[in-house]
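> Build me a model:
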Amino acid sequence: MRLVMKEPVETTARPYPRRWWALLVLCLSLLIIVMANTALTVAAPDMTTDLGLSGADLQWVIDGYTVPYAALMLLLGAIGDKYSRRGALILGLVVFGGGAVFGYLADSAATVIAARAVMGTGAALIMPATLSLLAATFPRHERAKAITLWTATAGLAIAAGPVVAGALLRDHGWSSTFLINVPIAAVAIVGALVLVPPSKSPGLRPGVPPHHDRIDYVGGLLSVLWIGSLVYMIIEGPHFGWGVKAVTAAVVAGAGLVAFVLWELRHPHPVLDVRRFAHRRFAGSNLAVALFFLAVFGAFYYLTQHLQFVLGYDALGTGVRMLPLAGAVFAGSALTGWLTPRVGMKWTVTAGMVGGTTALALLTRVDAASGYGDFVAPLIVLGLAIGLALSPCTDAIMGAFPESELGVGGAVNDTSLELGGSLGIAILGSLLATSYGSHLTDATSGSGLPASALATAQDSVGAGYAVAQGIGEQARQTAAKAAQATDPQQAAQLKAQAQQLTEGARQMADAVGSSFADAVAHTSLVGAVLLGIGTVLVAVLLPGRKTAESEAPAEQRELADNGAR
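Below you'll find the model as predicted:
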(Lines give C-alpha, C1' and ligand atoms only; values in the text may rest on other atoms or scores of the structure.)
Protein backbone atom coordinates (compact mmCIF):
# COMPACT_ATOMS: atom_id res chain seq x y z
CA MET A 1 0.00 0.00 0.00
CA ARG A 2 1.40 3.39 -1.02
CA LEU A 3 2.11 5.83 1.79
CA VAL A 4 0.63 8.77 -0.11
CA MET A 5 -2.40 8.36 -2.39
CA LYS A 6 -1.37 9.87 -5.75
CA GLU A 7 -3.84 8.48 -8.29
CA PRO A 8 -6.56 11.09 -9.06
CA VAL A 9 -10.04 9.80 -8.33
CA GLU A 10 -11.22 10.97 -11.77
CA THR A 11 -8.94 8.47 -13.51
CA THR A 12 -10.15 5.35 -11.67
CA ALA A 13 -12.43 3.02 -13.62
CA ARG A 14 -14.13 1.70 -10.49
CA PRO A 15 -15.28 3.39 -7.29
CA TYR A 16 -12.37 4.17 -5.01
CA PRO A 17 -12.09 1.12 -2.68
CA ARG A 18 -11.10 3.09 0.44
CA ARG A 19 -13.77 5.75 0.02
CA TRP A 20 -15.39 5.11 3.42
CA TRP A 21 -12.04 5.62 5.14
CA ALA A 22 -11.64 8.80 3.10
CA LEU A 23 -15.06 9.91 4.35
CA LEU A 24 -13.83 9.45 7.92
CA VAL A 25 -11.03 11.95 7.21
CA LEU A 26 -13.47 14.40 5.63
CA CYS A 27 -15.82 14.12 8.60
CA LEU A 28 -12.93 14.64 11.03
CA SER A 29 -12.00 17.81 9.13
CA LEU A 30 -15.60 19.00 9.33
CA LEU A 31 -15.77 18.15 13.03
CA ILE A 32 -13.03 20.54 14.14
CA ILE A 33 -14.25 23.55 12.16
CA VAL A 34 -17.77 23.27 13.61
CA MET A 35 -16.45 22.53 17.11
CA ALA A 36 -14.26 25.65 16.93
CA ASN A 37 -17.43 27.74 17.20
CA THR A 38 -19.50 25.69 19.63
CA ALA A 39 -16.56 25.13 22.02
CA LEU A 40 -16.08 28.88 22.28
CA THR A 41 -19.54 29.36 23.76
CA VAL A 42 -18.47 27.68 27.00
CA ALA A 43 -14.90 29.05 27.00
CA ALA A 44 -16.08 32.65 26.56
CA PRO A 45 -16.71 33.43 30.27
CA ASP A 46 -13.18 32.40 31.32
CA MET A 47 -11.67 34.24 28.35
CA THR A 48 -13.66 37.38 29.19
CA THR A 49 -12.43 37.36 32.80
CA ASP A 50 -8.81 36.60 31.94
CA LEU A 51 -8.41 39.13 29.11
CA GLY A 52 -10.86 41.72 30.42
CA LEU A 53 -12.92 41.60 27.25
CA SER A 54 -15.67 44.13 26.69
CA GLY A 55 -19.01 43.07 25.22
CA ALA A 56 -17.86 44.30 21.80
CA ASP A 57 -14.55 42.44 22.14
CA LEU A 58 -16.31 39.18 22.97
CA GLN A 59 -18.73 39.59 20.08
CA TRP A 60 -15.87 39.97 17.62
CA VAL A 61 -13.94 37.09 19.17
CA ILE A 62 -16.94 34.96 18.22
CA ASP A 63 -17.65 36.57 14.86
CA GLY A 64 -14.08 37.21 13.75
CA TYR A 65 -14.24 33.58 12.59
CA THR A 66 -17.53 34.01 10.75
CA VAL A 67 -16.74 36.92 8.41
CA PRO A 68 -13.79 35.37 6.47
CA TYR A 69 -15.36 31.93 6.71
CA ALA A 70 -18.56 32.98 4.96
CA ALA A 71 -17.02 35.52 2.57
CA LEU A 72 -14.19 33.40 1.15
CA MET A 73 -15.86 30.02 0.62
CA LEU A 74 -17.19 30.57 -2.91
CA LEU A 75 -13.92 31.87 -4.34
CA LEU A 76 -11.78 29.29 -2.52
CA GLY A 77 -14.15 26.50 -3.58
CA ALA A 78 -13.64 27.51 -7.22
CA ILE A 79 -9.85 27.63 -6.75
CA GLY A 80 -9.95 24.16 -5.20
CA ASP A 81 -11.92 22.87 -8.21
CA LYS A 82 -9.37 24.30 -10.61
CA TYR A 83 -6.13 23.25 -8.95
CA SER A 84 -6.66 20.60 -6.25
CA ARG A 85 -9.51 19.84 -3.87
CA ARG A 86 -7.30 17.72 -1.64
CA GLY A 87 -4.67 20.45 -1.76
CA ALA A 88 -7.29 22.97 -0.61
CA LEU A 89 -8.27 20.65 2.25
CA ILE A 90 -4.67 20.16 3.42
CA LEU A 91 -3.81 23.85 3.08
CA GLY A 92 -6.96 24.72 5.01
CA LEU A 93 -6.02 22.32 7.80
CA VAL A 94 -2.53 23.85 7.99
CA VAL A 95 -3.94 27.40 8.15
CA PHE A 96 -6.59 26.34 10.66
CA GLY A 97 -4.00 24.62 12.87
CA GLY A 98 -1.69 27.64 12.65
CA GLY A 99 -4.53 29.92 13.69
CA ALA A 100 -5.26 27.60 16.62
CA VAL A 101 -1.63 27.84 17.82
CA PHE A 102 -1.85 31.63 17.43
CA GLY A 103 -5.03 31.60 19.55
CA TYR A 104 -3.35 29.48 22.22
CA LEU A 105 -0.54 32.04 22.51
CA ALA A 106 -2.85 35.09 22.34
CA ASP A 107 -2.84 37.43 25.31
CA SER A 108 -5.15 40.25 24.21
CA ALA A 109 -8.50 40.80 22.56
CA ALA A 110 -6.87 41.88 19.29
CA THR A 111 -4.68 38.78 19.01
CA VAL A 112 -7.54 36.41 19.84
CA ILE A 113 -9.73 38.06 17.19
CA ALA A 114 -6.86 37.84 14.67
CA ALA A 115 -6.36 34.15 15.51
CA ARG A 116 -10.04 33.47 15.01
CA ALA A 117 -9.94 35.25 11.64
CA VAL A 118 -7.02 33.03 10.54
CA MET A 119 -8.98 29.95 11.64
CA GLY A 120 -12.01 31.21 9.71
CA THR A 121 -9.89 31.52 6.57
CA GLY A 122 -8.70 27.93 7.04
CA ALA A 123 -12.28 26.80 7.54
CA ALA A 124 -13.28 28.52 4.26
CA LEU A 125 -10.79 26.25 2.50
CA ILE A 126 -11.77 23.10 4.40
CA MET A 127 -15.57 23.23 4.31
CA PRO A 128 -16.21 23.24 0.53
CA ALA A 129 -13.29 20.84 0.02
CA THR A 130 -14.90 18.22 2.26
CA LEU A 131 -18.13 18.22 0.26
CA SER A 132 -16.46 18.38 -3.15
CA LEU A 133 -14.10 15.50 -2.29
CA LEU A 134 -17.02 13.50 -0.95
CA ALA A 135 -19.02 14.03 -4.13
CA ALA A 136 -16.02 13.27 -6.34
CA THR A 137 -15.03 10.12 -4.44
CA PHE A 138 -18.43 8.43 -4.08
CA PRO A 139 -20.51 7.11 -6.98
CA ARG A 140 -23.89 8.80 -7.26
CA HIS A 141 -25.85 5.87 -5.84
CA GLU A 142 -23.81 6.10 -2.58
CA ARG A 143 -23.50 9.87 -2.41
CA ALA A 144 -26.72 10.47 -0.45
CA LYS A 145 -25.63 8.00 2.25
CA ALA A 146 -22.20 9.65 2.50
CA ILE A 147 -23.75 13.12 2.74
CA THR A 148 -26.06 11.83 5.48
CA LEU A 149 -23.02 10.79 7.54
CA TRP A 150 -21.37 14.14 6.78
CA THR A 151 -24.46 15.97 8.05
CA ALA A 152 -24.65 13.78 11.15
CA THR A 153 -21.05 14.71 11.91
CA ALA A 154 -22.00 18.39 11.86
CA GLY A 155 -24.77 17.66 14.37
CA LEU A 156 -22.34 15.75 16.57
CA ALA A 157 -19.88 18.65 16.47
CA ILE A 158 -22.55 21.11 17.64
CA ALA A 159 -22.94 19.14 20.87
CA ALA A 160 -19.39 17.78 21.17
CA GLY A 161 -17.75 21.23 21.19
CA PRO A 162 -19.09 22.21 24.63
CA VAL A 163 -18.33 18.75 26.04
CA VAL A 164 -14.68 18.83 24.94
CA ALA A 165 -14.25 22.45 26.00
CA GLY A 166 -15.92 21.81 29.34
CA ALA A 167 -13.64 18.85 30.07
CA LEU A 168 -10.56 20.93 29.23
CA LEU A 169 -11.66 23.92 31.29
CA ARG A 170 -11.84 21.82 34.46
CA ASP A 171 -8.04 21.55 34.62
CA HIS A 172 -6.75 24.00 32.00
CA GLY A 173 -7.28 27.57 30.86
CA TRP A 174 -9.44 28.79 27.99
CA SER A 175 -6.44 28.71 25.63
CA SER A 176 -6.50 24.89 25.74
CA THR A 177 -9.72 24.97 23.69
CA PHE A 178 -7.62 26.39 20.83
CA LEU A 179 -4.72 23.97 21.20
CA ILE A 180 -6.91 20.83 21.07
CA ASN A 181 -7.50 21.57 17.37
CA VAL A 182 -3.82 21.16 16.48
CA PRO A 183 -3.38 17.37 16.93
CA ILE A 184 -6.76 16.72 15.30
CA ALA A 185 -5.75 18.85 12.29
CA ALA A 186 -2.42 16.99 12.12
CA VAL A 187 -4.18 13.61 12.08
CA ALA A 188 -6.56 14.87 9.37
CA ILE A 189 -3.63 16.06 7.23
CA VAL A 190 -1.94 12.66 7.43
CA GLY A 191 -5.26 10.93 6.75
CA ALA A 192 -5.88 13.17 3.72
CA LEU A 193 -2.50 12.27 2.21
CA VAL A 194 -2.88 8.54 2.83
CA LEU A 195 -6.61 7.95 2.33
CA VAL A 196 -8.14 10.79 0.29
CA PRO A 197 -7.43 10.61 -3.46
CA PRO A 198 -6.42 13.77 -5.33
CA SER A 199 -9.24 15.45 -7.21
CA LYS A 200 -9.81 18.53 -9.34
CA SER A 201 -12.04 19.68 -12.16
CA PRO A 202 -11.90 16.86 -14.73
CA GLY A 203 -11.62 19.11 -17.76
CA LEU A 204 -12.75 18.25 -21.24
CA ARG A 205 -13.61 14.55 -21.16
CA PRO A 206 -16.37 12.65 -23.00
CA GLY A 207 -19.63 12.83 -21.10
CA VAL A 208 -18.45 15.59 -18.73
CA PRO A 209 -19.50 19.23 -19.19
CA PRO A 210 -16.58 21.54 -20.07
CA HIS A 211 -15.11 23.57 -17.23
CA HIS A 212 -13.67 27.05 -17.46
CA ASP A 213 -9.95 27.26 -18.10
CA ARG A 214 -9.62 30.44 -16.09
CA ILE A 215 -11.28 31.22 -12.79
CA ASP A 216 -13.75 34.08 -12.77
CA TYR A 217 -11.76 36.10 -10.23
CA VAL A 218 -13.85 39.23 -10.70
CA GLY A 219 -17.01 37.32 -9.80
CA GLY A 220 -15.18 35.62 -6.95
CA LEU A 221 -13.97 38.93 -5.51
CA LEU A 222 -17.44 40.45 -5.86
CA SER A 223 -18.80 37.47 -3.89
CA VAL A 224 -16.23 38.14 -1.16
CA LEU A 225 -17.27 41.80 -1.11
CA TRP A 226 -21.02 41.35 -0.85
CA ILE A 227 -21.07 38.30 1.42
CA GLY A 228 -18.42 39.74 3.74
CA SER A 229 -20.26 43.08 3.93
CA LEU A 230 -23.58 41.33 4.53
CA VAL A 231 -22.21 39.22 7.38
CA TYR A 232 -20.49 42.29 8.88
CA MET A 233 -23.79 44.20 8.74
CA ILE A 234 -25.65 41.28 10.34
CA ILE A 235 -23.15 41.31 13.22
CA GLU A 236 -22.63 45.05 13.61
CA GLY A 237 -26.20 46.37 13.30
CA PRO A 238 -28.15 44.32 15.87
CA HIS A 239 -25.34 44.22 18.45
CA PHE A 240 -23.75 47.68 18.20
CA GLY A 241 -26.45 49.81 16.63
CA TRP A 242 -27.25 50.96 13.12
CA GLY A 243 -24.54 53.57 12.90
CA VAL A 244 -22.27 54.53 10.02
CA LYS A 245 -20.42 51.19 9.96
CA ALA A 246 -23.55 49.04 9.76
CA VAL A 247 -25.30 51.27 7.21
CA THR A 248 -22.18 51.45 5.04
CA ALA A 249 -21.86 47.68 5.15
CA ALA A 250 -25.52 47.34 4.13
CA VAL A 251 -25.04 49.65 1.14
CA VAL A 252 -21.85 47.85 0.06
CA ALA A 253 -23.56 44.45 0.44
CA GLY A 254 -26.53 45.54 -1.67
CA ALA A 255 -24.43 47.14 -4.38
CA GLY A 256 -22.00 44.22 -4.37
CA LEU A 257 -24.82 41.70 -4.75
CA VAL A 258 -26.30 43.56 -7.71
CA ALA A 259 -22.87 43.84 -9.35
CA PHE A 260 -22.18 40.14 -8.68
CA VAL A 261 -25.45 38.99 -10.25
CA LEU A 262 -25.05 41.22 -13.32
CA TRP A 263 -21.45 40.12 -13.83
CA GLU A 264 -22.27 36.42 -13.44
CA LEU A 265 -25.19 36.66 -15.87
CA ARG A 266 -22.90 38.10 -18.57
CA HIS A 267 -19.75 36.08 -17.92
CA PRO A 268 -19.34 33.02 -20.21
CA HIS A 269 -17.93 30.88 -17.37
CA PRO A 270 -19.11 32.45 -14.09
CA VAL A 271 -17.78 31.38 -10.71
CA LEU A 272 -21.44 30.69 -9.86
CA ASP A 273 -24.18 30.44 -12.47
CA VAL A 274 -26.91 32.39 -10.66
CA ARG A 275 -29.50 31.04 -13.12
CA ARG A 276 -29.50 27.88 -11.00
CA PHE A 277 -31.63 29.75 -8.45
CA ALA A 278 -34.45 29.77 -10.99
CA HIS A 279 -34.78 26.00 -10.41
CA ARG A 280 -37.18 25.29 -7.57
CA ARG A 281 -35.29 22.31 -6.16
CA PHE A 282 -32.01 24.23 -5.92
CA ALA A 283 -33.52 27.47 -4.59
CA GLY A 284 -35.76 25.64 -2.11
CA SER A 285 -32.87 23.57 -0.77
CA ASN A 286 -30.72 26.65 -0.16
CA LEU A 287 -33.61 28.46 1.49
CA ALA A 288 -34.28 25.45 3.73
CA VAL A 289 -30.61 25.23 4.82
CA ALA A 290 -30.46 28.96 5.61
CA LEU A 291 -33.74 29.01 7.54
CA PHE A 292 -32.95 25.85 9.44
CA PHE A 293 -29.59 27.08 10.65
CA LEU A 294 -31.12 30.44 11.52
CA ALA A 295 -33.25 28.53 14.01
CA VAL A 296 -30.54 26.07 15.14
CA PHE A 297 -27.76 28.61 15.75
CA GLY A 298 -30.14 31.07 17.36
CA ALA A 299 -31.57 28.44 19.71
CA PHE A 300 -28.12 27.07 20.55
CA TYR A 301 -26.99 30.61 21.39
CA TYR A 302 -29.56 31.10 24.13
CA LEU A 303 -29.93 27.50 25.30
CA THR A 304 -26.28 27.26 26.33
CA GLN A 305 -26.61 30.54 28.24
CA HIS A 306 -29.71 29.31 30.03
CA LEU A 307 -28.08 26.04 31.05
CA GLN A 308 -24.93 27.79 32.28
CA PHE A 309 -26.24 30.91 33.96
CA VAL A 310 -29.82 30.21 35.00
CA LEU A 311 -29.59 26.50 35.79
CA GLY A 312 -26.01 26.82 37.03
CA TYR A 313 -24.28 24.00 35.12
CA ASP A 314 -20.56 24.29 34.53
CA ALA A 315 -19.04 24.11 31.05
CA LEU A 316 -18.76 20.32 31.01
CA GLY A 317 -22.22 19.85 32.50
CA THR A 318 -23.68 22.12 29.84
CA GLY A 319 -21.98 20.17 27.07
CA VAL A 320 -23.13 16.82 28.42
CA ARG A 321 -26.70 18.06 28.59
CA MET A 322 -26.59 19.03 24.91
CA LEU A 323 -25.74 15.46 23.88
CA PRO A 324 -29.39 14.40 23.31
CA LEU A 325 -29.27 16.77 20.33
CA ALA A 326 -26.31 14.90 18.82
CA GLY A 327 -27.89 11.49 19.35
CA ALA A 328 -31.12 12.66 17.79
CA VAL A 329 -29.25 14.02 14.75
CA PHE A 330 -27.84 10.54 14.10
CA ALA A 331 -31.29 9.00 14.50
CA GLY A 332 -32.82 11.58 12.17
CA SER A 333 -30.06 11.00 9.62
CA ALA A 334 -30.73 7.26 9.65
CA LEU A 335 -34.44 7.94 9.23
CA THR A 336 -33.95 10.27 6.27
CA GLY A 337 -31.83 7.63 4.51
CA TRP A 338 -34.81 5.29 4.69
CA LEU A 339 -37.57 7.86 4.18
CA THR A 340 -36.34 10.06 1.31
CA PRO A 341 -36.19 7.31 -1.36
CA ARG A 342 -39.76 6.33 -0.44
CA VAL A 343 -41.62 9.63 -0.10
CA GLY A 344 -39.27 12.04 -1.89
CA MET A 345 -37.13 14.94 -0.77
CA LYS A 346 -39.98 17.47 -0.57
CA TRP A 347 -41.82 15.62 2.19
CA THR A 348 -38.73 14.64 4.14
CA VAL A 349 -37.40 18.21 4.22
CA THR A 350 -40.83 19.62 5.07
CA ALA A 351 -41.21 17.11 7.90
CA GLY A 352 -37.80 18.14 9.24
CA MET A 353 -38.70 21.82 9.17
CA VAL A 354 -42.02 21.12 10.87
CA GLY A 355 -40.01 19.29 13.54
CA GLY A 356 -37.70 22.29 13.97
CA THR A 357 -40.70 24.59 14.31
CA THR A 358 -42.19 22.23 16.90
CA ALA A 359 -38.94 22.21 18.90
CA LEU A 360 -38.93 26.00 19.09
CA ALA A 361 -42.63 25.99 20.00
CA LEU A 362 -41.89 23.64 22.90
CA LEU A 363 -39.35 26.14 24.22
CA THR A 364 -42.08 28.78 24.58
CA ARG A 365 -43.13 26.91 27.74
CA VAL A 366 -39.88 27.79 29.53
CA ASP A 367 -40.35 29.83 32.69
CA ALA A 368 -38.57 30.58 35.97
CA ALA A 369 -39.46 27.14 37.37
CA SER A 370 -38.17 25.17 34.36
CA GLY A 371 -35.43 22.63 34.94
CA TYR A 372 -33.26 20.67 32.54
CA GLY A 373 -36.04 18.14 31.98
CA ASP A 374 -38.03 20.82 30.18
CA PHE A 375 -35.27 21.12 27.58
CA VAL A 376 -34.77 17.43 26.77
CA ALA A 377 -37.79 17.06 24.48
CA PRO A 378 -37.03 20.22 22.43
CA LEU A 379 -33.39 19.12 22.03
CA ILE A 380 -34.39 15.66 20.81
CA VAL A 381 -37.02 17.00 18.42
CA LEU A 382 -34.57 19.60 17.08
CA GLY A 383 -31.89 16.94 16.54
CA LEU A 384 -34.30 14.67 14.70
CA ALA A 385 -35.34 17.62 12.54
CA ILE A 386 -31.73 18.45 11.64
CA GLY A 387 -31.09 14.86 10.61
CA LEU A 388 -34.26 14.72 8.53
CA ALA A 389 -34.00 18.00 6.65
CA LEU A 390 -30.37 18.82 5.96
CA SER A 391 -29.01 15.72 4.22
CA PRO A 392 -31.55 15.79 1.36
CA CYS A 393 -30.99 19.53 0.88
CA THR A 394 -27.21 19.14 0.73
CA ASP A 395 -27.56 16.23 -1.69
CA ALA A 396 -29.86 18.31 -3.91
CA ILE A 397 -27.50 21.31 -3.90
CA MET A 398 -24.45 19.20 -4.73
CA GLY A 399 -26.41 17.34 -7.42
CA ALA A 400 -27.10 20.61 -9.22
CA PHE A 401 -23.40 21.04 -10.06
CA PRO A 402 -21.32 19.15 -12.64
CA GLU A 403 -18.14 17.33 -11.67
CA SER A 404 -16.10 20.37 -12.65
CA GLU A 405 -17.78 22.61 -10.04
CA LEU A 406 -18.18 20.42 -6.97
CA GLY A 407 -16.13 22.80 -4.84
CA VAL A 408 -18.41 25.67 -5.82
CA GLY A 409 -21.41 23.48 -4.99
CA GLY A 410 -20.03 22.75 -1.54
CA ALA A 411 -19.33 26.45 -1.05
CA VAL A 412 -22.91 27.40 -1.98
CA ASN A 413 -24.32 24.90 0.51
CA ASP A 414 -21.96 26.05 3.26
CA THR A 415 -22.52 29.75 2.55
CA SER A 416 -26.27 29.26 2.91
CA LEU A 417 -25.61 27.48 6.19
CA GLU A 418 -23.29 30.19 7.50
CA LEU A 419 -25.52 33.09 6.43
CA GLY A 420 -28.48 31.42 8.12
CA GLY A 421 -26.48 30.84 11.29
CA SER A 422 -25.25 34.44 11.37
CA LEU A 423 -28.78 35.73 10.89
CA GLY A 424 -30.04 33.42 13.63
CA ILE A 425 -27.57 34.69 16.21
CA ALA A 426 -28.07 38.31 15.11
CA ILE A 427 -31.88 38.31 14.92
CA LEU A 428 -32.77 35.96 17.75
CA GLY A 429 -29.81 37.12 19.87
CA SER A 430 -30.81 40.75 19.51
CA LEU A 431 -34.44 39.93 20.27
CA LEU A 432 -33.34 37.91 23.31
CA ALA A 433 -31.30 40.83 24.67
CA THR A 434 -34.15 43.31 24.16
CA SER A 435 -36.72 41.02 25.72
CA TYR A 436 -34.46 40.20 28.68
CA GLY A 437 -33.76 43.88 29.37
CA SER A 438 -37.45 44.77 29.20
CA HIS A 439 -38.50 41.92 31.51
CA LEU A 440 -35.73 42.78 33.98
CA THR A 441 -36.87 46.39 34.15
CA ASP A 442 -40.39 45.22 35.02
CA ALA A 443 -39.15 42.63 37.53
CA THR A 444 -36.98 45.12 39.44
CA SER A 445 -39.38 48.09 39.43
CA GLY A 446 -39.80 49.45 42.93
CA SER A 447 -36.73 47.60 44.23
CA GLY A 448 -34.63 50.72 44.63
CA LEU A 449 -31.88 49.29 42.45
CA PRO A 450 -29.62 52.12 41.21
CA ALA A 451 -30.02 52.99 37.54
CA SER A 452 -26.36 52.24 36.83
CA ALA A 453 -26.64 48.77 38.38
CA LEU A 454 -29.81 48.06 36.38
CA ALA A 455 -28.13 49.16 33.15
CA THR A 456 -25.22 46.84 33.89
CA ALA A 457 -27.57 43.95 34.69
CA GLN A 458 -29.49 44.50 31.45
CA ASP A 459 -26.35 43.99 29.36
CA SER A 460 -26.53 40.19 29.61
CA VAL A 461 -27.71 37.41 31.88
CA GLY A 462 -24.11 36.95 33.07
CA ALA A 463 -23.87 40.63 33.96
CA GLY A 464 -27.21 40.39 35.77
CA TYR A 465 -25.98 37.59 38.02
CA ALA A 466 -22.72 39.52 38.56
CA VAL A 467 -24.76 42.47 39.88
CA ALA A 468 -26.66 40.11 42.19
CA GLN A 469 -23.35 38.66 43.42
CA GLY A 470 -22.04 42.17 44.00
CA ILE A 471 -25.03 42.98 46.19
CA GLY A 472 -24.47 39.72 48.05
CA GLU A 473 -20.83 40.62 48.61
CA GLN A 474 -21.92 43.99 50.05
CA ALA A 475 -24.23 42.08 52.38
CA ARG A 476 -21.36 39.88 53.62
CA GLN A 477 -19.11 42.88 54.20
CA THR A 478 -21.85 44.69 56.09
CA ALA A 479 -22.53 41.61 58.23
CA ALA A 480 -18.80 41.38 59.02
CA LYS A 481 -18.81 45.03 60.14
CA ALA A 482 -21.86 44.34 62.30
CA ALA A 483 -20.05 41.47 64.00
CA GLN A 484 -17.08 43.74 64.78
CA ALA A 485 -19.12 46.75 65.95
CA THR A 486 -18.83 47.57 69.68
CA ASP A 487 -21.88 49.83 69.76
CA PRO A 488 -25.00 47.63 70.08
CA GLN A 489 -27.17 50.17 68.26
CA GLN A 490 -24.72 50.45 65.36
CA ALA A 491 -24.37 46.68 65.23
CA ALA A 492 -28.15 46.28 65.01
CA GLN A 493 -28.35 48.82 62.18
CA LEU A 494 -25.57 47.15 60.25
CA LYS A 495 -27.15 43.75 60.78
CA ALA A 496 -30.47 45.05 59.47
CA GLN A 497 -28.72 46.52 56.42
CA ALA A 498 -26.95 43.20 55.80
CA GLN A 499 -30.24 41.33 55.92
CA GLN A 500 -31.82 43.85 53.57
CA LEU A 501 -28.91 43.53 51.11
CA THR A 502 -29.05 39.71 51.31
CA GLU A 503 -32.74 39.80 50.46
CA GLY A 504 -32.03 42.26 47.66
CA ALA A 505 -29.36 39.95 46.21
CA ARG A 506 -31.76 37.03 46.27
CA GLN A 507 -34.52 39.07 44.65
CA MET A 508 -32.10 40.33 42.01
CA ALA A 509 -30.92 36.81 41.16
CA ASP A 510 -34.54 35.63 40.94
CA ALA A 511 -35.41 38.59 38.71
CA VAL A 512 -32.49 37.87 36.38
CA GLY A 513 -33.38 34.17 36.11
CA SER A 514 -37.08 34.74 35.53
CA SER A 515 -36.43 37.57 33.06
CA PHE A 516 -34.06 35.46 31.00
CA ALA A 517 -36.45 32.50 31.06
CA ASP A 518 -39.25 34.76 29.84
CA ALA A 519 -36.92 36.12 27.13
CA VAL A 520 -36.09 32.56 26.00
CA ALA A 521 -39.80 31.77 25.72
CA HIS A 522 -40.53 34.98 23.82
CA THR A 523 -37.57 34.56 21.46
CA SER A 524 -38.50 30.94 20.81
CA LEU A 525 -41.99 32.02 19.85
CA VAL A 526 -40.65 34.46 17.28
CA GLY A 527 -38.20 31.82 16.02
CA ALA A 528 -41.02 29.30 15.68
CA VAL A 529 -43.10 31.79 13.69
CA LEU A 530 -40.18 32.59 11.38
CA LEU A 531 -39.34 28.94 10.79
CA GLY A 532 -43.03 28.07 10.40
CA ILE A 533 -43.46 30.67 7.67
CA GLY A 534 -40.23 29.45 6.09
CA THR A 535 -41.52 25.87 6.19
CA VAL A 536 -44.57 26.87 4.16
CA LEU A 537 -42.39 28.71 1.63
CA VAL A 538 -40.01 25.75 1.27
CA ALA A 539 -42.91 23.30 0.95
CA VAL A 540 -44.39 25.41 -1.86
CA LEU A 541 -41.03 25.97 -3.54
CA LEU A 542 -39.68 22.42 -3.51
CA PRO A 543 -41.06 20.37 -6.39
CA GLY A 544 -42.55 16.93 -6.05
CA ARG A 545 -40.76 13.89 -7.40
CA LYS A 546 -41.99 14.08 -11.00
CA THR A 547 -41.64 17.83 -11.26
CA ALA A 548 -38.11 17.72 -9.82
CA GLU A 549 -37.03 15.27 -12.50
CA SER A 550 -38.48 17.37 -15.31
CA GLU A 551 -37.06 20.66 -13.96
CA ALA A 552 -33.57 19.40 -13.09
CA PRO A 553 -30.78 21.56 -14.47
CA ALA A 554 -29.37 20.38 -17.78
CA GLU A 555 -25.98 19.47 -16.36
CA GLN A 556 -27.60 17.41 -13.60
CA ARG A 557 -29.61 15.40 -16.15
CA GLU A 558 -26.51 14.88 -18.26
CA LEU A 559 -24.56 13.60 -15.26
CA ALA A 560 -27.39 11.29 -14.32
CA ASP A 561 -27.48 9.86 -17.87
CA ASN A 562 -23.73 9.30 -18.03
CA GLY A 563 -23.25 8.08 -14.46
CA ALA A 564 -21.11 9.56 -11.77
CA ARG A 565 -17.93 8.55 -13.61
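> pLDDT wise, what is the residue nearest to Leu362 when sequence neighbours are not counted at?
The spatial neighbour of Leu362 that comes closest, neighbours along the chain excluded (CB to CB, 6 or more residues apart in numbering), is Pro378 at 4.3 Å. (Glycine included, C-beta is placed from N, CA and C.) Reported pLDDT at Pro378 in the predicted model: 95.
> wait, Pro378 sits on Ala359?
Yes - here Pro378 reaches Ala359: they are 4.5 Å apart, a contact under CB atoms under 8 Å.
> between these two, who's got more neighbours?
More neighbours sit around Ala359 than around the other of Pro378 and Ala359, counting by other CB atoms under 10 Å; the figures are 28 against 23.
> so what secondary structure elements neighbour the host helix or strand of that one?
Mapping Ala359 onto the secondary structure by DSSP states H and E places it in helix 345-362. Contacts defined by 3 or more CB pairs under 8 Å, 6 or more residues apart in numbering; DSSP states H and E place helix 345-362 against helix 280-305, helix 323-343, helix 373-399, helix 488-541, helix 545-551.
> Apply 6 Å and report the result again.
Counting by 3 or more CB pairs under 6 Å, 6 or more residues apart in numbering; DSSP states H and E, the packing neighbours recorded for helix 345-362 are helix 280-305, helix 323-343, helix 373-399, helix 488-541.
> Mind listing residues that contact that helix?
Outside helix 345-362, the residues within contact range by CB atoms under 6 Å, 6 or more residues apart in numbering are 288, 292, 295, 336, 339-340, 377-378, 381-382, 384-385, 388-389, 392, 524, 527-528, 531-532, 535, 539, 542, 544.
> Quick check: end-to-end length of stretch 10-27?
This stretch, stretch 10-27, spans 21 Å end to end (CA to CA, to the nearest Å).
> Return the set of buried residues in it.
For stretch 10-27, the neighbour count (16 or more other CB atoms under 10 Å) marks Glu10, Tyr16, Arg19, Ala22, Leu23, Leu24, Val25, Leu26, Cys27 as buried.
> Out of these, list just those in helices.
With DSSP state H as the criterion, helices contain Arg19, Ala22, Leu23, Leu24, Val25, Leu26, Cys27 from among the buried residues of stretch 10-27.
> Pick out the most distant pair among those residues.
Comparing every pair within these by CB to CB identifies Arg19 and Cys27 as the most remote, at 12.4 Å.
> and the helix holding Ala359 with helix 323-343, angle?
Relative orientation of helix 345-362 with respect to helix 323-343: 150 degrees, computed using axes from the mean of the first three to the mean of the last three CA atoms, to 10 degrees.
> And the pLDDT for the closest residue to Phe277 other than its chain neighbours?
Excluding its sequence neighbours, the residue lying closest to Phe277 (CB to CB, 6+ apart) is Ala283, at 4.8 Å. As predicted, Ala283 sits at a pLDDT of 94.
> Look up how far Ser416 lies from Ala283.
Here the criterion is CB to CB, to the nearest Å. By it, Ala283 lies 10 Å from Ser416.
> who has more neighbours, those two?
Comparing Ala283 with Ser416 by neighbour count (other CB under 10 Å), the higher total belongs to Ser416, at 23 against 16.
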